[in-house]
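Peer 1: Quick one, structure for this:
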Amino acid sequence: MCGLEIHQRLSGKKLFVQSPCPPADDKNDGKGRKGFIRKLRAVASELGAMDAAAAFEQSRERTIKYTANPDFVSLMEADEEPPTQMNAGALAEAIRICNAFGSTLVDEVHVMRKAVVDGSNTSGFQRTSVIAFGGKVETSHGAVGLQAICLEEESGIPAGEDGGRTIYDIDRLGIPLVEIATEPTIVSGAHAREVGEKIGYALRMSPAVMRGLGTIRQDVNISVEGGARIEIKGVQDISILPALVENEIKRQEGLIAISKELQKKFGGKTDFQENFIDVSQIFPSTSCAIISKALKSGGAAIACRLPKFSGILGRELYAGRRYGSELSDYAKASGGVKGLIHSDEDMGKYKISEDELGELQLALGMKAEDAFVIIADSAPKAERAIMAVLGRAKMLDVPKETRRADDAGGSSFMRPLPGSARMYPETDIAPIRISKEMRKDALSNPLSDFEDKKKELISLLGADLGGQMIKSRHLALFERLVENGADAKLAAVTLEQTMTSLRRENIEVEKINEKQLGEIFALYGDGKIAKSAIREILKLAAANPDGEIAALAKSNSLLRISGKALDALWHNEGGDIKTFMSKYRLVVEAGEVAGLAGKGK
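Peer 2: Numbers count the residues shown, from 1 in each chain. Sure thing, here's the model as predicted:
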């Protein structure tokens, strides 16, 4: 079984405060940033239960360092003041999106708090609300139903480590995020990609959606018979979905086979003791760089025996992932260590000598059928990590997990899968009635149908450019420019080709604003600049984001020469059209010069 959760950011103001949303291409260069430190703890739900995922994150005992640009972050995002009422514009756009999928709107929107203690939210929870149920998206395998559409806060972004503290950038915290959850009826990895694309294309018809890397992402929920529901988070490149789904199927099937093998070995119950020992004394002058580094910094080498696990840790689940990788993930997530060494690996790779290996096996009381794990780090971290390894090794069923996608179509353990105990009501925000007026406004201004819009653009721009524009992050900007009088093909070529080329030359085209683009196309439409000058004027605009285009063109001698002025210039210098165009190509139109050349000097 497989289903998707699509998360799409909306532009404008944040969801529960008047802070502006940072642009998708915000470079976060560190200048003028503020910061503060927090430790988060899990709290029980309204029914008194503690969510497993929240409890796990608290057990990691992390200190979080938050960093923020004051232009985009207020006291509310820092959890120093209460939220305001929900952003009415974001709610209105969410309702339009719900209508586009044929979903049934709720009568009243109730904001909930969803416990999240990994550091991505300063408050220890994320605000979320259901806007609609049901709806569908048509695919080559038939309609895929939607379970729900929600409107929630975007989270902060992990930004590395600093002196043992986990850093989160919270500029984007609180951006309105539309979440669309499908039913688990996706039949394959390729079908998952198709569903994601169809939903993504439909969302692009909203002028309020953000475009750019990270502004839309997919979480994938997958289970196989005999396995467990696994949520894989953070898929930004939809092209990896087929590999991601197929690898997760292989991973669960491999774990099921290992589970059956272990059940036979243990008679249905892994009842071995969860013991570990400090084996640092075995490695006083070791050539193993991992262990040596830990010991020199005052740390320890901690080891445990896994009875009857010989050959299991090296078992491949899919290309590049073995059962030992599963244990390593738990060690990393629980203890914050970099990894582990296990007995199914080549000890020569780690430069562990035969004598050291023999002493280790003796100290652990190993038999031929046993395996071992070593973790070298500070003693507290190594001990937490090795306890997580032992706990995971004793699980015979495939555990329910939240995992993180990687760029190669694989995934790694993040935390246990959360459940209903993570939810409780938001007491700072009153329920919002979806009124008849709100419903009427949304119905009177529906989103365009993707296929209809695609046909319209292809008719206007041709197959190649039209197909490019329908998928472009600049679609809404393109439509506004054309509506204000810009030549459609010129606007499309400028946005999709010229500006892309300039970006590759490290020209900061993101600084060019919509007003300047409108002025460029207006000047061209009035015959004040030549088409060939547009590239140079764009460079000037990028360097002068507050500059008036007409003034920039004039001061840089880029105004068009035409009519009598061009006639006189050609009369004085013409004759060789190639030489003339080489000299004046930025300020004349080739067609007009060719007309003069045809008349002769």
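Peer 1: Check the secondary structure at residue 123 for me.
Peer 2: coil (DSSP: H, G, I helix; E, B strand; the rest coil).
Peer 1: Which helix or strand contains the closest residue to it other than its chain neighbours?
Peer 2: Nearest non-adjacent residue to residue 123, counting by C-beta to C-beta, 6 or more residues apart in numbering: residue 79, 4.3 Å away. Where you see a C-beta, it was placed from the backbone N, CA and C, and this is true even at glycine. For residue 79, there is no helix or strand it lies in under DSSP states H and E.
Peer 1: Could you report the pLDDT at residue 79?
Peer 2: Per-residue pLDDT puts residue 79 at 94.
Peer 1: Number of residues surrounding it?
Peer 2: Using other C-beta atoms under 10 Å, the number of residues around residue 79 comes to 17.
Peer 1: And the helices in the stretch 401-550 of the chain, which stretches?
Peer 2: 436-444, 450-461, 463-470, 475-483, 488-493, 499-504, 514-525, 534-543, 549-555 (DSSP state H, counting those that start in this stretch).
Peer 1: Check which helices and strands the third one sits against.
Peer 2: In this structure, helix 463-470 packs against helix 450-461, helix 488-493, with contacts taken as 3 or more C-beta pairs under 8 Å, 6 or more residues apart in numbering; DSSP states H and E.
Peer 1: repeat that with 10 Å
Peer 2: Where contact means 3 or more C-beta pairs under 10 Å, 6 or more residues apart in numbering; DSSP states H and E, helix 463-470 is packed against helix 450-461, helix 475-483, helix 488-493.
Peer 1: and the angle for the longest one with helix 475-483?
Peer 2: Orientation of helix 450-461 against helix 475-483 (axes from the mean of the first three to the mean of the last three C-alpha atoms, to 10 degrees) gives an angle of 40 degrees.
Peer 1: Let me see the mean pLDDT of helix 450-461.
Peer 2: Mean predicted lDDT for helix 450-461 stands at 94.
Peer 1: elements contacting it?
Peer 2: When contacts are defined as 3+ C-beta pairs under 10 Å, 6+ apart, helix 450-461 sits against helix 189-203, helix 463-470, helix 475-483, helix 488-493.
Peer 1: and residue 150, which of the ones you listed is closest to it?
Peer 2: Closest to residue 150 of those, according to C-beta to C-beta: helix 189-203, at 13.9 Å.
Peer 1: For that closest one, buried residues please.
Peer 2: 189, 191-203 (16 or more other C-beta atoms under 10 Å).
Peer 1: Could you check the angle that helix makes with helix 463-470?
Peer 2: Per the same axes, to 10 degrees, the angle that helix 189-203 makes with helix 463-470 is 80 degrees.
Peer 1: Secondary structure element holding residue 328?
Peer 2: Using DSSP H and E, the element containing residue 328 is helix 323-335.
Peer 1: after that helix comes which helix or strand?
Peer 2: Downstream of helix 323-335, the next assigned helix or strand under DSSP H and E is strand 341-342.
Peer 1: How far does that next one sit from its chain's centre?
Peer 2: A distance of 32 Å separates the centroid of the chain from that of strand 341-342, by C-alpha atoms, centre = their mean, to the nearest Å.
Peer 1: Next, name the residue at the spatial heart of the chain.
Peer 2: In the chain, the centroid-proximal residue (C-alpha atoms, centre = their mean) is residue 214; its distance is 4.1 Å.
Peer 1: can you tell which of the helices of the stretch 401-550 of the chain is closest to residue 136?
Peer 2: Residue 136 lies closest, by C-beta to C-beta, to one member of those: helix 450-461, at 14.4 Å.
Peer 1: which other residues reach that closest one?
Peer 2: Applying C-beta atoms under 10 Å, 6 or more residues apart in numbering, the contact partners of helix 450-461 are 100, 138, 198, 200-205, 447-449, 463-472, 475, 478-479, 482, 488-489, 491-493, 496.
Peer 1: Pull out the buried residues from the longest helix along the chain.
Peer 2: Secondary structure of the chain per DSSP state H: the longest helix is helix 241-266. For helix 241-266, the neighbour count (16+ other C-beta under 10 Å) marks 241-256, 258-259, 262 as buried.
Peer 1: Can you give the domain ranges for this protein?
Peer 2: The chain breaks down by automatic domain parsing into domains covering 2-30+40-260+419-425, 271-394, 448-560.
Peer 1: Of the ones you listed, which is nearest residue 436?
Peer 2: For these, the distance to residue 436 is smallest for domain 2-30+40-260+419-425, at 11.1 Å, taking C-beta to C-beta.
Peer 1: Pull up the gap between residue 343 and residue 355, please.
Peer 2: Distance, residue 343 to residue 355, by C-beta to C-beta, to the nearest Å: 16 Å.
Peer 1: For the two, indicate the residue with more neighbours.
Peer 2: More neighbours surround residue 343 than the other of residue 343 and residue 355, with 24 against 9 (other C-beta under 10 Å).
Peer 1: so who does that one touch?
Peer 2: Taking C-beta under 10 Å, 6+ apart as the contact definition, residue 343 lies against 303, 305-306, 309-311, 313-314, 324, 357, 360-361, 364, 366, 370-374.
Peer 1: ok, the closest residue to residue 295 other than its chain neighbours - contacts?
Peer 2: Among residues not flanking residue 295 along the chain, residue 280 sits closest, at 5.9 Å (C-beta to C-beta, 6+ apart). The contact partners of residue 280, taken as C-beta under 10 Å, 6+ apart, are 286, 291, 294, 295, 299, 300, 301, 302, 303, 376, 379, 382.
Peer 1: And for residue 304?
Peer 2: By C-beta under 10 Å, 6+ apart, the neighbours of residue 304 are 272-277, 279, 340, 364, 371-375, 386-387, 389-390, 393.
Peer 1: at 7 Å what do you get?
Peer 2: When contacts are counted by C-beta atoms under 7 Å, 6 or more residues apart in numbering, residue 304 touches 275, 276, 372, 373, 386, 389, 390.
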